[in-house]
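S.K.: Show me the folded form of this:
(one chain, ligands or ions: 1)
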Amino acid sequence: MKKHALLSFAAFGAALVGTPAYADHAKGLAWDITEGLTTEIGPRQGGTEAEARARVWAERKLKALGFSNVRTETYTMPTWVRGEERGDIIAPFPHKLAITALGNSAATPAEGLTGEVAYFNGWQAFKDARDEDVRGKIVFVNHAMKRAQDGSSYGYFGPVRRSGPSLAARKGALAFVMRSLGTDMHRNPHQGNQSWEAGVTPIPAAAVSLVDAEHMALVAKRAVTLKQPIRMKLLLTPRNLGPQISGNVIAEVPGSDPKAGMVVIGGHLDSWDLGTGAFDDAAGVAITTAAAHNILKSGKKPRRTIRVVWWGAEEVGLWGAKAYWEAHKSEPHALVSESDFGADRVWRIDVKLPEAAKPLGERLAAALAPLGIAASREVASGGADISPAVAAGVPVIDLQQDGTRYFDLHHTPDDTLDKVDPVQLQQNVDAWTIMLDLVANAPEPLLNEAGK
Ligand SMILES: [Zn+2]
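M.R.: Now for the predicted structure:
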């Protein structure tokens with residue numbers, strides 16, 4: 001009895017310590033890549049030394065998998081990195097905020113910056129504000145982003161982050177603080193990029209967790225009743241490193257008919273730095289690479305070359321996307337498609353194909369239906385890294401992922417491997433494999449006016 005009990009405990013203990021549920025290579029190549037990249041590299045912000053290590057990792061992985069023409073194409077880009085970050089409401093009710101600097105934020109003085117808060121309940125209220133209501137103050141903008149399967153709320157409320165800091169600077173504000181673009185109720189601020197409009201002098205710009213934004217709304221209500229201003233202290237010490245090296249990692253499955261053009265797929269290799277970038281976008285490079293590898297290992301050469309790109313420096317300004325298109329726009333791109341919306345299941349396919357390839361769209365819809373994927377009348381628009389190709393008129397397919405929980409994790413410390421569901425990840429790989437097989441082998445012409 002006793003011996004048996006001891007053995008059981010030992011076995012149980014080993015299971016607990018040695019093999020966490022998610023360290024399982026039997027889960028397939030997409031899992032293997034997502035796990036490897038997030039474990040061995042972790043955060044990999046564009047332009048940093050961590051992103052450089054990620055490129056080496058990616059190249060080694062793609063070569064080991066048997067892809068052809070594996071290489072890294074580098075470019076330089078201005079690089080901003082975060083420093084220390086702290087935010088506190090100091091009056092009328094002291095409260096420590098969960099805060100993070102937005103991309104390209106200016107630094108506060110080393111001892112921090114203290115000021116009165118100008119609180120705005122929504123983007124329109126802030127846009128309508130007179131300069132004298134904002135000048136010399138710390139602007140705080142709340143908003144009402146909501147959860148949506150297609151993630152559309154992010155687009156609607158996006159201007160708060162994209163244009164808020166510049167508008168605050170133009171109105172003479174001391175600093176800009178916003179409710180994070182997100183949908184989780186955790187003490188996690190959401191990182192994100194913003195660029196200063198021409199002629200604007202940068203000011204400190206940051207985002208607080210949704211929990212802290214709710215808290216701020218309650219404080220703001222009381223401040224009105226008490227006729228007492230809210231005062232906040234900010235300490236942000238980000239730095240500009242100047243031009244740094246970044247790069248795209250490229251691999252191919254050669255096709256048999258060079259005149260038919262290439263199918264270019266992928267995701268972005270870089271991530272923001274608070275989490276390990278599992279959802280955004282290790283999963284995307286993993287899904288597309290695993291699907292291309294399925295075509296490769298089938299042993300049957302596809303008609304069209306499949307090019308897999310792990311784009312660099314997406315989050316910080318699409319530097320890899322721009323460099324890729326500049327270097328490759330004269331090559332015949334038959335179709336582009338990107339995976340950059342997490343690791344949850346594909347629920348819909350949107351296409352934008354030439355008229356002559358309409359039957360391909362119908363075959364795709366029929367082949368994907370058994371995976372629970374619906375055809376749609378929406379016109380595919382593509383992910384950020386393929387936007388230059390899409391703008392040039394290259395046909396595009398979107399395998400739309402379920403984004404219901406995407407913005408709980410997006411750009412937060414919570415974007416980590418444990419959030420990836422291996423079953424949904426594999427459904428993505430299955431869908432991408434079917435799509436790639438049909439598109440790469442389609443007899444229909446896909447090269448349109450953008451192709452050469
Ligand atoms: Zn992304």
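S.K.: Up against the ion, what does this structure have?
M.R.: 280-281, 340 (Cβ under 5 Å from the ion). Where C-beta positions appear, they are placed from N, C-alpha and C, glycine not excepted.
S.K.: out of those residues, which are buried?
M.R.: 280-281, 340 (16 or more other Cβ atoms under 10 Å).
S.K.: which one of the residues you listed is nearest Ser180?
M.R.: Set against Ser180, the nearest of those by Cβ to Cβ is Asp280 (14.4 Å).
S.K.: what sits against the closest one?
M.R.: Residues near Asp280 by Cβ atoms under 8 Å, 6 or more residues apart in numbering: 271-272, 315, 340, 342, 409-411, 415.
S.K.: Does it fall in a helix, a strand, or a coil region?
M.R.: Per DSSP: H, G, I helix; E, B strand; the rest coil, the local secondary structure of Asp280 is helix.
S.K.: Kindly report the same for Tyr156.
M.R.: helix.
S.K.: what about it, how many neighbours?
M.R.: As a burial measure, Tyr156 scores 14 neighbours (other Cβ atoms under 10 Å).
S.K.: which residue sits closest to it, ignoring its sequence neighbours?
M.R.: The shortest distance from Tyr156 to any residue other than its chain neighbours is 7.6 Å, reached at Met145 (Cβ to Cβ, 6 or more residues apart in numbering).
S.K.: From the ion, how far off is the one you found?
M.R.: 17 Å (Cβ to the ion, to the nearest Å).
S.K.: Hmm, that residue is touching Phe157, no?
M.R.: Yes: contact criterion Cβ atoms under 8 Å: Met145 and Phe157 qualify, at 4.3 Å.
S.K.: shared neighbours of those two, anything?
M.R.: What both Met145 and Phe157 touch, as defined by Cβ under 8 Å, 6+ apart, is the set Leu181.
S.K.: Out of the contacts of Asp280, which is nearest to Ser381?
M.R.: Nearest to Ser381 out of those is Asp340 (Cβ to Cβ; 12.4 Å).
S.K.: Local confidence estimate at the residue nearest the centre of the chain?
M.R.: Taking Cα atoms, centre = their mean, the centroid of the chain lies closest to Asp280, which sits 4.0 Å from it. Looking at Asp280, its pLDDT reads 98.
S.K.: again, but for Lys27
M.R.: 85.
S.K.: Is there a neighbour count for it? I'd like the number.
M.R.: Neighbours of Lys27 (other Cβ under 10 Å): 17.
S.K.: Could I get the contacting residues of it?
M.R.: 422, 425-426.
S.K.: Run through the bridge partners of Pro243.
M.R.: For Pro243, the beta-bridge assignment (DSSP bridges) gives partners Pro78.
S.K.: Model confidence at the one residue in the stretch 1-150 of the chain that gets nearest to the ion, what's the number?
M.R.: Proximity to the ion, evaluated over the stretch 1-150 of the chain using Cβ to the ion, is greatest for Gly46 at 11.2 Å. For Gly46, the model assigns a pLDDT of 98.
S.K.: Measure how buried it is and give me the count.
M.R.: Residues near Gly46, counting by other Cβ under 10 Å, number 30.
S.K.: Skipping adjacent residues, who's closest to it in space?
M.R.: Ala313 (2.9 Å).
S.K.: State whether that neighbour is indeed within a strand.
M.R.: No: per three-state DSSP, Ala313 lies outside any strand segment and is coil.
S.K.: so what's it up against?
M.R.: Contacts of Ala313 by Cβ under 8 Å, 6+ apart are 46-47, 51, 77, 246, 268, 270, 319-320.
S.K.: how about the CA coordinates for stretch 103-120, as CSV?
M.R.: Extracted as CSV, the C-alpha positions of stretch 103-120 are listed here (Å, rounded to 0.1, in the frame of the first residue of the first chain):
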residue,chain,number,x,y,z
GLY,A,103,5.4,53.9,-29.1
ASN,A,104,7.5,57.0,-29.7
SER,A,105,6.4,58.6,-26.5
ALA,A,106,8.7,61.4,-25.2
ALA,A,107,10.3,61.0,-21.8
THR,A,108,9.3,62.9,-18.8
PRO,A,109,12.0,64.7,-16.8
ALA,A,110,14.0,62.1,-14.7
GLU,A,111,12.2,63.2,-11.5
GLY,A,112,8.8,62.8,-13.3
LEU,A,113,6.1,65.2,-14.3
THR,A,114,3.2,66.4,-12.2
GLY,A,115,0.1,68.1,-13.5
GLU,A,116,-3.6,68.7,-13.4
VAL,A,117,-5.7,66.2,-15.3
ALA,A,118,-8.1,67.2,-18.1
TYR,A,119,-10.5,64.3,-18.2
PHE,A,120,-12.5,63.5,-21.4
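S.K.: List the buried residues for stretch 59-70?
M.R.: Buried-residue list, stretch 59-70, by 16+ other Cβ under 10 Å: 59, 61-62, 65, 67, 70.
S.K.: In the stretch 201-350 of the chain, what residue spans correspond to helices?
M.R.: 210-226, 283-297, 319-328 (DSSP state H, counting those that start in this stretch).
S.K.: Give the buried residues for the last one.
M.R.: Residues 319-325, 328 are the ones in helix 319-328 that count as buried (16+ other Cβ under 10 Å).
S.K.: Is Val117 in a helix, a strand, or coil?
M.R.: Classified using three-state DSSP, Val117 is strand.
S.K.: Ala217: what's its closest spatial neighbour, skipping adjacent residues?
M.R.: In space, and not counting its chain neighbours, Ala217 is closest to Asn142: 5.9 Å by Cβ to Cβ, 6+ apart.
S.K.: all strands for the stretch 301-450 of the chain, in order.
M.R.: Ranges of strands in the stretch 301-450 of the chain, per DSSP state E, counting those that start in this stretch, are 306-311, 333-338, 346-352, 374-379, 396-401.
S.K.: May I have the first one exported as CSV, CA atoms only?
M.R.: What it means is strand 306-311. Coordinates of each C-alpha in strand 306-311 appear next as CSV, following Å, rounded to 0.1, in the frame of the first residue of the first chain:
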residue,chain,number,x,y,z
ILE,A,306,4.9,29.5,-52.2
ARG,A,307,6.9,32.2,-50.5
VAL,A,308,6.6,32.4,-46.7
VAL,A,309,7.7,35.7,-45.2
TRP,A,310,8.3,36.4,-41.5
TRP,A,311,8.1,40.2,-41.7
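S.K.: The ion: which of the contacts of Lys27 is nearest?
M.R.: Set against the ion, the nearest of the contacts of Lys27 by Cβ to the ion is Leu425 (15.8 Å).
S.K.: Show the low-confidence segments of the protein, by residue range.
M.R.: 1-26, 448-452 (pLDDT under 70).
S.K.: Quick check on the residue in the stretch 301-450 of the chain that the ion sits nearest to: phi, psi?
M.R.: Closest to the ion within the stretch 301-450 of the chain is Asp340: 4.3 Å, counting by Cβ to the ion. Main-chain torsions, Asp340, degrees, to the nearest 10: phi -150, psi 50.
S.K.: could the contacts of Asp280 be laid out in a markdown table, adding distance to Ala101?
M.R.: Shown next, in a markdown table, are the contacts of Asp280 (distance: Cβ to Cβ, whole Å):
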| residue | distance to Ala101 |
| --- | --- |
| Ser271 | 16 |
| Trp272 | 11 |
| Glu315 | 14 |
| Asp340 | 23 |
| Gly342 | 24 |
| Leu409 | 19 |
| His410 | 17 |
| His411 | 12 |
| Asp415 | 17 |
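S.K.: I'm done for today, thanks for sticking with me.
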